[in-house]
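*Asks:* can you look at this prediction? I've put the sequence above it.
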Amino acid sequence: MKKKALIFGITGQDGSYLTEFLLKKNYIVHGVVRRSSSINTKRIDHLYEDFFKKNKRLYLHYGDITDGLSVKDIIYNVKPNEIYNLSAQSHVAVSFQIPEYTANVDALGTLRILDSIRSLKLEKKIKFYQAGTSEMYGDVLETPQTEKTPFNPRSPYAVSKVFAHLMGKNYREAYNIFVSNGILFNHESPRRGETFVTRKITLGLTKIKLGMQKKLVLGNLDAKRDWGHAKDYVEAQWLMLQQKKPDDFVIATGKTYTVKKFLEMVAKKLRMKIVWKGKGINTRGYYKGKIIIECNKKYFRPSEVNFLLGKPLKAKKILGWKPKTNISQLIDEMVTEDLKSLSE
Ligand code: NAP
Ligand code: F7E
């Protein structure tokens, strides 16, 4: 019998890589897509199978994690072996503008899935993955961050994810449901949303290089992040559900860079020499004598996470997982794909 997986958040960056990964492993994949007025399936369009195709392996369902009825109904109808909850309002800065909605999706959404598993009495059938985040460490209390580092969240997004993490732990302990929490550090790819800083930089600098854009306006260039490749990280999500026991795992590269350094590496790949002047909000980046990088307080957060660095030792020991892509390979791939799509 083929294994069945259900993915909430299938249309997102990770959802698309996970779907490819699971289809290669011969799974039948079900995904939840929310209704929108414009098409939101572009990351999985290459995997789409006609509704009437025989022996289909990818099924899409309309649903929404804020709608408990649809969540329960889909779980009841699909009865998957594995559920991956990747759905989220995942933008930290935006979570300050829509905190209640963010909590509804990111915190209560997870509870809706967990409690559906319980009330449908599917505790023994379903293994559940919760997409936790390094943002939960917030203003870090220890470096590097491990599974034992206390959480100190700094945004409505991160607070909601702490709720989801702890709720997962509670349902594991109270109802014996197989719940594994990932604590994933930033992971990027050519499919990364265009308003996250890495993609904003690769796309922005590529457009400037091609003469399609004049300036790139950013926020805090001094923040440090531990950036990996999304493709590597979805494998870790799957590995967590292949274990005998549920647990929590840090997934990271163990290396950290400033946003400014990331930008410099992208510029180097594009053969652009940037000359920096000024500091903090007054930082300016010049290329061929013209200002192409500026900072604006619009892109600063009310409370920032300045530094993140993960230690994925437990994942290495128990899951046998380690990152395959380094930051330079990640940037190469992102810039190459942006150059290709902009030249089409
Ligand atoms: P993403 O690209 O923003 O994808 C989020 C997914 O959630 C999309 O499919 C989105 O649908 C869906 N979604 C949003 N609101 C929903 C709702 N109300 N009901 C149902 N689905 C909804 O995020 P990602 O980068 O793939 O990340 C996947 C998960 O890992 C998220 O939970 C994120 O918080 C977490 N995470 C990400 C990182 C990272 O660095 N990428 C690190 C740690 C944890 P639409 O396509 O319709 O918007
Ligand atoms: O910001 C700084 C910003 O929005 C990274 C999500 O996937 O990873 C992601 O959250 C850093 C921050 O990612 C701009 O202030 C400067 O310090 O790319 P980001 P994030 O906030 O780290 C975690 C692990 C998740 O779980 C989240 O879902 O870059 N920064 N200038 C900027 N950030 C943005 N977005 N835009 C700027 O112009």
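*Replies:* Sure, I can see it. This one's a predicted model, so the numbers in the text were calculated from it and none came from an experiment. Ligands and ions are numbered 1, 2, ... in the order given.

*Asks:* what segments of the stretch 151-300 of the chain are strands?
*Replies:* Under the criterion DSSP state E, counting those that start in this stretch, the stretch 151-300 of the chain contains strands at 178-184, 187-188, 216-218, 224-225, 228-229, 248-251, 257-258, 275-277, 284-287, 290-295.

*Asks:* which helices and strands does the longest one pack with?
*Replies:* For strand 178-184, the packing partners by 3 or more C-beta pairs under 8 Å, 6 or more residues apart in numbering; DSSP states H and E come out as strand 127-133, helix 156-175, helix 230-241, strand 248-251. All C-beta spots, glycine's among them, are computed from the backbone N, C-alpha and C.

*Asks:* okay, those in CSV with distance to ligand 2, mean pLDDT and mean neighbour count next?
*Replies:* Output for these, formatted as CSV (distance: least, C-beta to the nearest ligand atom, whole Å; pLDDT from 0 to 100; neighbours: other C-beta atoms under 10 Å):
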stretch, distance to ligand 2, mean pLDDT, mean neighbour count
strand 127-133, 3, 99, 25
helix 156-175, 7, 98, 20
helix 230-241, 10, 99, 22
strand 248-251, 10, 99, 24
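
*Asks:* so which of those gets nearest residue 308?
*Replies:* Closest approach to residue 308 among the helices and strands packed on strand 178-184 (C-beta to C-beta): strand 127-133, 9.7 Å.

*Asks:* the helices and strands packed on strand 178-184 into TSV, with extra columns for distance to ligand 1?
*Replies:* Shown next, in TSV, are the helices and strands packed on strand 178-184 (distance: least, C-beta to the nearest ligand atom, whole Å):
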stretch	distance to ligand 1
strand 127-133	3
helix 156-175	7
helix 230-241	6
strand 248-251	8
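
*Asks:* distance to residue 159 for the strands of the stretch 151-300 of the chain - can I get that in TSV?
*Replies:* What follows is the strands of the stretch 151-300 of the chain, written out as TSV (distance: least, C-beta to C-beta, whole Å):
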stretch	distance to residue 159
strand 178-184	15
strand 187-188	21
strand 216-218	25
strand 224-225	19
strand 228-229	24
strand 248-251	18
strand 257-258	25
strand 275-277	35
strand 284-287	34
strand 290-295	27
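
*Asks:* rewinding a little: compare the helices and strands packed on strand 178-184 and give me the one nearest residue 294.
*Replies:* Per C-beta to C-beta, nearest to residue 294 of those: helix 156-175, 25.7 Å.
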